[in-house]
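> Okay, sequence plus prediction incoming.
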Amino acid sequence: MAPANNPAMVEHTRETIQVDGCAIEVLRGGSGPGLLFLHGAGGASDWAPYMDRLAERFEIAVPSHPGFGRSDTPGWLDSMSDLAYFYLDAFEALGLDGVHVVGNSLGGWLACEIAVRSTGRMRSLTLVGAAGIPVDGVPMGDIFLWSPEDRVRNVYHDRSLAEARLARNPSEEEADIALKNYFTTSRLAWSPRFCNPDLPKWLHRIRIPTMILWGAEDRVFPPAYGEAYAASIPGSHLRIVPECGHLPHQEKTEAFIDAVAAIAEEAAP
Amino acid sequence: MKFFFFHLMPYAHLDLDYDKTYPGAYLTLPNSYYDPKKGAPLYHRYLDELELADRLGFDGVCVNEHHQTAYGMMPAPNLLAGALTRSVKNATICVLGRALPITDNPISIAEEFAMLDNLAEGRFIAGFVRGLGTEYHASMANPSFSHARFHEAHDLIVRAWTETGPFAFDGRHYRYQYVNLWPRPYQTPHPPIWIPSQGSRETYEWAAHPDRKYTYLITFNPAEAVKRNLDAYARQCETYGYQCSPGQLGWALPIYVAETDEIANREAANHIEVFFNKFINSPAEYKLPPGYSSMASYKYVMETKFKVREQFLTHETLTGNGMFVCGSPETVTEILARRFDEMSYGNLVCMLQFGTLPRELTEKSMTLFADQVMPKLRHLGEATPAPRAAASVAG
């Protein structure tokens, strides 16, 4: 465990753990109830401002999924089902129990795949612009056809955020990680596109407090996807964040923190 | 040398201003751009051209598969190959090829190819490809499993052609309780297999293997890249301990022949530029979905080949780098003979119709090629394998 050296950020660590013969990198920081953040297609290989904010209230763990970031790409990784079973083992290895789970986009889909198998180690669930279910008649954005620039522009509502990110010149390692994330996302989500058609049949098994947070201007998965999740998960709450795209934790961090805190409170023992 | 007449069957009536509104001729170009009243006669014209090639003495006539594009109107090339079995009397009918990974039932390809082989009484060549990147967008087949599915589907098809059924096939992507092909192929053990390729190590290592020795066909590349790829295949044969025969090597490219160089350049320039800049053109994300290639080759292709394709390719550029051969019969003969000395390809796959090239010019070019170019080149590679410039294969 090496402490990171940016003094402006909450103290956090970057560690590598072995699960099922696969080394994954985990960012950890903060104190309070345990929280597991499951990243989306873009990965979460470096500490980010929204993690700072989460770490003020929670002891957070942000793993890079197998095939993402600096984690291994195991030969067995073919599907979201593989990833879900991997995480059921990873809960144990990470020492996570009674944990609040937050998943964005692909990570939200992953959270649901884990939860329909078992919520045994989860206290609450927050889905943020989650992939995972089909909504007939509401096309999703096609990240595989968008140019790299459009992939950035289409996930933010605030154009200036997109332009600021595009203006950053990624290091070679960052560019390689982005490509690796893109390839693994394709492997897991190309077809059926970003969904498991069987998942809606089993979402009723999620009987823990659940928050569904959605950007009103999400162009990847329009808010109808959030509404469909809300209709399928008993007792869940749906919050639509105005003037916000696909990444509320980045674009509207306050609303994101409020939503996670609210569901954590509802789930408090 | 053997000569094959290859047709892409482009939708030649395409409104060429489409690219003011849409990024390419594939996938998202609305099919309102296709007018069946114009497309139907075009199919018949193109079939006429394939039949003419047979009468002119070409060794083979070739069709191929593309989906949801104006680039080629053959989502189902076997339909057209089937039609040709009734009219093509001497030439071998070649489907170059079917895209194996994008289908969920490769047995249907084994069956249709076996039918074609029967209908043509053995005058049939089976081509297997992975398909362009856009085919993965069009079919929703996961590009990440493209290589694995290609190899598995190939193994399944060859076993279906050669083993007495029924047998079970236990693959990762394809599993069958009963494989029992009716009809069996006409040829024994099975139709010749060709592998059209853009040139990747994995493909030539596999195709050159002594168990396969599949004809390796390099398409639409600058002559230098064609040579590099064919040399790599030939060296691979040496590594496997045998000598590559010219019949294992093929080069596919557009060619235009007219009375003089001046006439040829004048008549072909616009049509070849339309072909390379309007019909082939599409954004990188259409052509190279993530997982279709390794990450290393993805980075390489994005940096090199696609940068070239972003420029407007002029007639001069295309003839200069050898992607297009154009001129009088003498000029075309001279260029192709010189290239033979460098590459020892035994199969020349000639795309004598391209883009918007109209019927009259296509037929003129085909006839001049058959009458005045083919006879002068036919002897090449017939006796013993020619010495390879770079691969130092013994003659």
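The structure has been received and is ready for your questions. Everything numeric here is computed off the predicted structure, so don't read it as measured data.
> The nearest residue in space to B:Ala264 that is not next to it in sequence and B:Ala269, how far apart?
Once flanking residues are discounted, B:Ala264 sits nearest to B:Ala258: 3.7 Å by C-beta to C-beta, 6 or more residues apart in numbering or on different chains. Glycine gets a C-beta too; all of them are placed from N, C-alpha and C. To B:Ala269, B:Ala258 is 11 Å away according to C-beta to C-beta, to the nearest Å.
> These two: who's more crowded?
Using other C-beta atoms under 10 Å in any protein chain shown, the more surrounded residue of B:Ala258 and B:Ala269 is B:Ala258, with 22 against 18.
> pLDDT value on that one, please?
Looking at B:Ala258, its pLDDT is 98.
> again, but for A:Ala175
pLDDT, read off for A:Ala175, is 95.
> Backbone torsions only: list them for it.
With angles defined as degrees, to the nearest 10, A:Ala175 sits at phi -70, psi -40.
> where do the strands sit along the stretch 251-395 of chain B?
Remark: strands assigned in the stretch 251-395 of chain B by DSSP state E, counting those that start in this stretch are B:325-327, B:347-351.
> so which of these gets nearest B:Ala148?
Shortest distance between B:Ala148 and those, using C-beta to C-beta, is found for strand B:347-351: 27.8 Å.
> so what strands line up beside the closest one?
Neighbouring strands of strand B:347-351 in its sheet, by DSSP bridges, are strand B:2-6 (parallel), strand B:249-257 (parallel).
> Switch those strands over to JSON lines; also include distance to A:Pro242 and mean neighbour count.
Shown next, in JSON lines, are these (distance: least, C-beta to C-beta, whole Å; neighbours: other C-beta atoms under 10 Å in any protein chain shown):
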{"stretch": "strand B:2-6", "distance to A:Pro242": "57", "mean neighbour count": "23"}
{"stretch": "strand B:249-257", "distance to A:Pro242": "55", "mean neighbour count": "25"}
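> show me what contacts the residue in the stretch 251-395 of chain B positioned nearest to chain A?
The nearest approach of the stretch 251-395 of chain B to chain A comes at B:Pro290, 3.9 Å away (C-beta to the nearest C-beta). With contact taken as C-beta atoms under 8 Å, 6 or more residues apart in numbering or on different chains, B:Pro290 is in contact with A:144, A:179, A:182-183, A:185-186, B:143-144, B:298.
> Quick check: residues of the stretch 151-300 of chain B near chain A?
Selection of the stretch 151-300 of chain B residues close to chain A by C-beta under 8 Å from any C-beta of the partner chain yields B:283-286, B:289-291, B:295, B:298-299.
> Could you rerun that using 7 Å?
Neighbours of chain A within the stretch 151-300 of chain B, by C-beta under 7 Å from any C-beta of the partner chain: B:283, B:285-286, B:289-291, B:295, B:298.
> Show residues contacting the helix or strand hosting B:Val61.
According to DSSP states H and E, B:Val61 maps onto strand B:60-63. Residues from elsewhere that reach strand B:60-63 (C-beta atoms under 7 Å, 6 or more residues apart in numbering or on different chains): B:2, B:4-7, B:50, B:53-54, B:74, B:77, B:80-81, B:84, B:88, B:91-96, B:125, B:349.
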